[in-house]
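Participant: need coordinates for the following:
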Amino acid sequence: MADLEPSRFLEDVLDTPKALRSTADLHAGGGPLARLGSLEPRPSRMLFLGMGSSRYAALNATAMLRARGVDAHAELASTGAPQPPALDTLAVAVSANAGSAETMAALRRHAGHSHTVAVTSRPRSQFAAAAGLCLALGSGAEVSGVACKSYTSTLAVLLLMVGRMLGEPRLGRDLLREAADASERVLDDRERWLPQAAELLAGRALHVLAPAERIGSAEQSALMLREVPRVRADACETGDWSHVDVYLSKRPGLGLVMLRGSAWEAEVMDWAVERGVPVVTVGGALDRSVLDVPIADGGDPLVRLLVESHACELLAAELWRLDPI
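Facilitator: Have a look, this model is predicted:
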């Protein structure tokens, strides 16, 4: 595991809008992205392979594909019971820094048997060379060693891929530029909400909630809180929280960060209010929550998807600043 420099984490977070714009520029015109539409035999299944943040981004892309009737899966590259390679499978191996041994092993399992794509910020690496196509990220190096802007860039490339495979123009480079603008506004406006959020949630164990179709956002957000300030943080699906995680609200010291959009938020709020658990929402105020982190253009679910993880990234940086470890 690479050494981390949490003192420089905020630098990487603030560089995310630039990373999104660079990723959009990298995929202008033709190139590998355009070749996805000419694969033969045409893939009938998409299989994403990755670890950590790379797989979290793939979870969101998989949910989008499955909602459109595509046979899609996001598989832990380390699994001992992998899905088999096949000629009609598009295996998308995701490793931002090209350093995941597990993902390289999974990619090699599919090479020569499935269509293969590598998604990485290092297109000249052995990892990229092992795949039939390489889709590059525009994230650049992360000086903190924490996968934050590379997560957003990975998700951006996966959305471009989904758009190309399904013929959906909205999932294109203009979306990435809109998200970069929205990202910039969230980052620039952080002083309006961040001090209060840190005061409310410091010292608490945290659950980050998101709808099932955006569970990757919750997973990434919780990881940032664990990795930078070393907070006890877990991701929860909003509807499922009331079935499997509500029990931890019985003890004092729990806080919730809710990424808005689930139809099942009211039940969570009932439990939270009854048990005195503070709830910070992201992307829209909710009755009885204590604070909202606004997202510009948050009404667009695609923009929200690319921007909402900033709330916990910034919270993670601030909690580390207050109590460095």
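
Participant: show me what contacts residue 197?
Facilitator: By C-beta atoms under 8 Å, 6 or more residues apart in numbering, the contact list for residue 197 reads 280, 291, 293, 311, 315, 318. For the C-beta atoms, the positions are set from N, CA and C on the backbone; glycine is no exception.

Participant: apply 6 Å and report the result again.
Facilitator: Neighbouring residues of residue 197 by C-beta atoms under 6 Å, 6 or more residues apart in numbering: 280, 291, 315.

Participant: check residue 52 too.
Facilitator: So residue 52 contacts nothing (C-beta under 6 Å, 6+ apart).

Participant: change it to 8 Å
Facilitator: With C-beta under 8 Å, 6+ apart, residue 52 has these contacts: 147, 223.

Participant: coming back round to it: got TSV for the contacts of residue 197, with pLDDT, secondary structure and distance to residue 211 too?
Facilitator: TSV is the format used below for the contacts of residue 197 (pLDDT from 0 to 100; DSSP: H, G, I helix; E, B strand; the rest coil; distance: C-beta to C-beta, whole Å):
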residue	pLDDT	secondary structure	distance to residue 211
280	98	strand	17
291	97	strand	20
315	98	helix	20
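
Participant: which of these sits closest to residue 23?
Facilitator: residue 315 (24.4 Å; C-beta to C-beta).

Participant: show me what contacts the closest one?
Facilitator: 194, 197-198, 201, 225, 257.

Participant: helices - which of those land there?
Facilitator: Using DSSP state H, 194, 197-198, 201, 225 are the members of the contacts of residue 315 that sit in helices.

Participant: and which of these is nearest residue 82?
Facilitator: residue 225 (30.0 Å).

Participant: and for that closest one, the neighbour number?
Facilitator: 25 (other C-beta atoms under 10 Å).

Participant: farthest pair in the ones in helices among the contacts of residue 315?
Facilitator: 194 and 225 (13.8 Å).

Participant: that older thread, of the ones in helices among the contacts of residue 315, which is the nearest to residue 174?
Facilitator: residue 194 (29.3 Å).

Participant: ok, so of the ones in helices among the contacts of residue 315, who is nearest residue 36?
Facilitator: Among those, and counting by C-beta to C-beta, the member closest to residue 36 is residue 225, at 34.8 Å.

Participant: contacting residues for the closest one?
Facilitator: 206, 208, 231, 233, 312, 315-316, 319.

Participant: just confirm residue 13 contacts residue 311, I think it does.
Facilitator: No. Applying C-beta atoms under 8 Å, one finds residue 13 not in contact with residue 311, separated by 10.7 Å.

Participant: related to what we said a few turns ago, the contacts of residue 225 in strands, which ones?
Facilitator: Among the contacts of residue 225, the members falling in strands (DSSP state E) are 206, 208, 233.

Participant: buried subset of those residues?
Facilitator: 206, 208, 233 (16 or more other C-beta atoms under 10 Å).

Participant: dump those residues into CSV; add distance to residue 306 as well.
Facilitator: CSV is the format used below for those (distance: C-beta to C-beta, whole Å):
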residue, distance to residue 306
206, 22
208, 17
233, 21
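
Participant: closest to residue 268 out of those?
Facilitator: When these are compared against residue 268 (criterion: C-beta to C-beta), the nearest one is residue 208, at 12.2 Å.

Participant: give the bridge partners for the closest one, please.
Facilitator: residue 235, residue 257 (DSSP bridges).

Participant: can I assume it is in contact with residue 259?
Facilitator: Yes. Using C-beta under 8 Å, residue 208 makes contact with residue 259 at a distance of 7.0 Å.
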